[in-house]
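Novice: quick one: sequence plus predicted model below, questions after.
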Amino acid sequence: MVWVGAHLPPIQSLEIPKRPPTITIVADDGSTMAVRGEQAGTNVALKELPPYLPKAFIAIEDRRFYQHFGVDPLGIARAAVANVLHRGVSQGGSTLTQQLAKNLFLTQDRTLTRKLQEVELALWLERKHSKAEILELYLNRVYFGSGAYGIEAAAQKYFGKSAKDVTLVEAAMLAGLVKSPSRLAPNRNPEGAEKRAQIVLAAMADAGFVTDKQAQAAIANPVYTVKPTGAGTINYVADWITEVLDDLVGQIDQSIIVETSIDPRLQSVAEAAIIDELAAKSVKYKVTQGALVAMTPDGTVRAMIGGRNYADSQFNRAVTAKRQPGSAFKPFVYLTAVEAGLTPDTIRQDAPLDLKGWKPENYTHEYFGSVTLTQALAMSLNTVAVRLGLEVGPKNVVRTAHRLGIASKLDANPSIALGTSEVTLTELVGAYSTFANGGLLVSPHVVKRIRTLQGNKVLYVRSDEPASRVVDPRAVAMMNTMMQETLRSGTAHKADLPGWVAAGKTGTSQDFRDAWFLGYTSTLVTGVWLGNDDNSPTKKATGGGLPVEVWTRFMREALKGETPQPLPGDWSGGPIVSSTPSTLGGSLSGAPTGGGTIAQAGPRGETQVINAPPPPGSGRMPPPTRANVRPEADAGLDGWLMDRLFGR
């Protein structure tokens, strides 16, 4: 023992170690969403607990707790005999005090030296602290599995209530957990947890802590409520928060509380929308994963789903995954064109295009001839988007996207108009927020305030600095006018949000690998992505299908009780204007003759359009122009290839 003691710190210098710092993440309503680090609940005084709770631990773990001096020779002898008879380890001889000493000061190594150190530390604890203090310290430090340390954290984890409110059966379950936390967790193995609780209840009756009648009644009719585990999608938010903490407050050396903008109701609705949609249609469309981000127009994140089940995969597809947005990138092309002088009524040609061997095609392989920009965006016509991108210049399109908050690297080439550069869902939703708020730059954020657990010292508060304007209000009005048509008669016509003015854009990447929908009202901007982690093709899942359905289900619930408001900007239209490529300094090498200006001067200087399509909002699509419809014979292999290279 002298040699063992020499390898311990001086007894006079020993102190009860502090708990490692924890990060408690709370929702907008103050409810706890997640705890990172050792999930330690607040310390609970022994006198605040129901009497049967500590007695349950004494009955099953250390019946002679109040008689021994930290080590129980009788208990050790009894355990030794039982283990010999059963030819294995069937009982342990460690007292509660020894278990506490091991948890506080030692490793989990099973060696004679470590066991002797445990004994010496247990004797020290008994000399320094009363039995009540040791029992209280034990209950507040023992490990219950699933990252929960202490009786309060365990009660919240498994039963969704305070340790002060647990029933007799729940107390027995918690006491029974200590033997094997991973195997006996009531939320994973309710049958095993219940059987173990019956053993604890019998031990309590045998020790005289409860009557035989009470124990039998509890065994016959166990009353407990296990907290549902769910898909755990809130942990995607928690992961994102822990990643940005260092930038906000630096390294932490004490437990903190992070107050967030997450709305628990919206988070639950978003989770159900993603999970239910995938459960119903993932096999049909060969889609295995999904993500959703919802934020207010100022960038305040209200809900985030990074995947269908956090336990299965911790990869956050809302923040970390970079995927091709497909046509969901087109608004940046159209905004660049609008800022260069075009309007929603500007006419452009939808016709086959050959750019040095690259022949971008429309999703349907049909061409509509003269169309307005509104119609081209609503129908997601690829040839018009590519023409516009070349008109204004791919570099300018990239600058526009970056100006609106897209941080990912974008390649300034002709295909940028069709969303071939990869972006994240969160940055894309943030960029669309600029249209919803009237032209202001936003930075998606979820942390409102950070304070210490002890003392409530404020470490960080998000500032309310005014946002900078990045888009002119008139340009915003034009974009909102065009993207409203996407929901009225375009690729997102299945979106159904009664009473609300909404706008947005669908997106489907090459080979149907990614399906997107970004849609917004004046109060909420929501983006949905569906696809596969291995980037394998889906079975023709398009942005106008599953993502629109998820978005509609979520938005309908999210906006319940709110008064509909119009989108910002008021663009009343005007004479139809068509600018030639030369006026914008772009290039349309390889464009068909007549693909630029198609307007001519009319009486009194008015602009008239030859073969003009129906006006925006008419609900009619222009008929395909026969001369521009690709012949069926030519649409074979080339059409098959383009069908897989470019979706909507």
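Specialist: Sure thing, it's come through.
Novice: quick check, residue 349 in a helix?
Specialist: No: with DSSP: H, G, I helix; E, B strand; the rest coil as the criterion, residue 349 is assigned strand and is not in a helix.
Novice: tell me how far it lies from residue 254.
Specialist: To residue 254, residue 349 is 65 Å away according to Cβ to Cβ, to the nearest Å. Where you see a C-beta, it was placed from the backbone N, CA and C, and this is true even at glycine.
Novice: who's more crowded, those two?
Specialist: residue 349 (26 against 15; other Cβ atoms under 10 Å).
Novice: thought the more buried one was touching residue 370?
Specialist: Yes: applying Cβ atoms under 8 Å as the test, residue 349 and residue 370 come out as touching, 6.3 Å apart.
Novice: low-confidence ranges, the stretch 451-600 of the chain, go.
Specialist: Residues of the stretch 451-600 of the chain that meet the criterion pLDDT under 70 lie in 573-600.
Novice: quick one: the strands in it?
Specialist: Under the criterion DSSP state E, counting those that start in this stretch, the stretch 451-600 of the chain contains strands at 458-461, 503-508, 514-520, 525-531, 599-601.
Novice: would you format those as a markdown table with distance to residue 184 and mean neighbour count included?
Specialist: Below are the strands of the stretch 451-600 of the chain laid out as a markdown table (distance: least, Cβ to Cβ, whole Å; neighbours: other Cβ atoms under 10 Å):
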| stretch | distance to residue 184 | mean neighbour count |
| --- | --- | --- |
| strand 458-461 | 38 | 14 |
| strand 503-508 | 47 | 31 |
| strand 514-520 | 42 | 31 |
| strand 525-531 | 38 | 30 |
| strand 599-601 | 77 | 13 |
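Novice: for residue 430, the count of nearby residues, please.
Specialist: 25.
Novice: what ranges of the protein fall below the confidence cut-off?
Specialist: Those would be 1-20, 38-41, 75-93, 106-110, 114, 228-231, 573-648, if you go by pLDDT under 70 across the chain.
Novice: and the longest helix for it?
Specialist: helix 264-285 (DSSP state H).
Novice: after it comes which helix or strand?
Specialist: Tracing the chain past helix 264-285, the next element assigned as helix or strand by DSSP states H and E is strand 289-295.
Novice: residue 394 reaches residue 421, doesn't it?
Specialist: No: the criterion here is Cβ under 8 Å, and residue 394 misses it with residue 421 at 10.3 Å.
Novice: dump the C-alpha coordinates for the longest helix of the chain into PDB.
Specialist: Presented in PDB, the C-alpha positions along helix 264-285 are these (Å, rounded to 0.1, in the frame of the first residue of the first chain):
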ATOM      1  CA  PRO A 264     -38.500  23.500 -32.000                       C
ATOM      2  CA  ARG A 265     -41.900  23.300 -33.800                       C
ATOM      3  CA  LEU A 266     -40.400  24.100 -37.200                       C
ATOM      4  CA  GLN A 267     -37.500  21.700 -36.600                       C
ATOM      5  CA  SER A 268     -40.000  18.900 -35.800                       C
ATOM      6  CA  VAL A 269     -42.100  19.800 -38.900                       C
ATOM      7  CA  ALA A 270     -39.000  19.900 -41.100                       C
ATOM      8  CA  GLU A 271     -37.800  16.500 -39.800                       C
ATOM      9  CA  ALA A 272     -41.200  14.900 -40.400                       C
ATOM     10  CA  ALA A 273     -41.400  16.400 -43.900                       C
ATOM     11  CA  ILE A 274     -38.000  15.000 -45.000                       C
ATOM     12  CA  ILE A 275     -38.300  11.600 -43.300                       C
ATOM     13  CA  ASP A 276     -41.900  10.900 -44.300                       C
ATOM     14  CA  GLU A 277     -41.200  11.900 -48.000                       C
ATOM     15  CA  LEU A 278     -38.200   9.700 -48.200                       C
ATOM     16  CA  ALA A 279     -39.900   6.800 -46.400                       C
ATOM     17  CA  ALA A 280     -42.800   6.900 -49.000                       C
ATOM     18  CA  LYS A 281     -40.800   7.500 -52.200                       C
ATOM     19  CA  SER A 282     -37.100   6.800 -51.700                       C
ATOM     20  CA  VAL A 283     -37.400   3.400 -53.400                       C
ATOM     21  CA  LYS A 284     -39.500   4.600 -56.300                       C
ATOM     22  CA  TYR A 285     -37.000   7.400 -57.100                       C
END
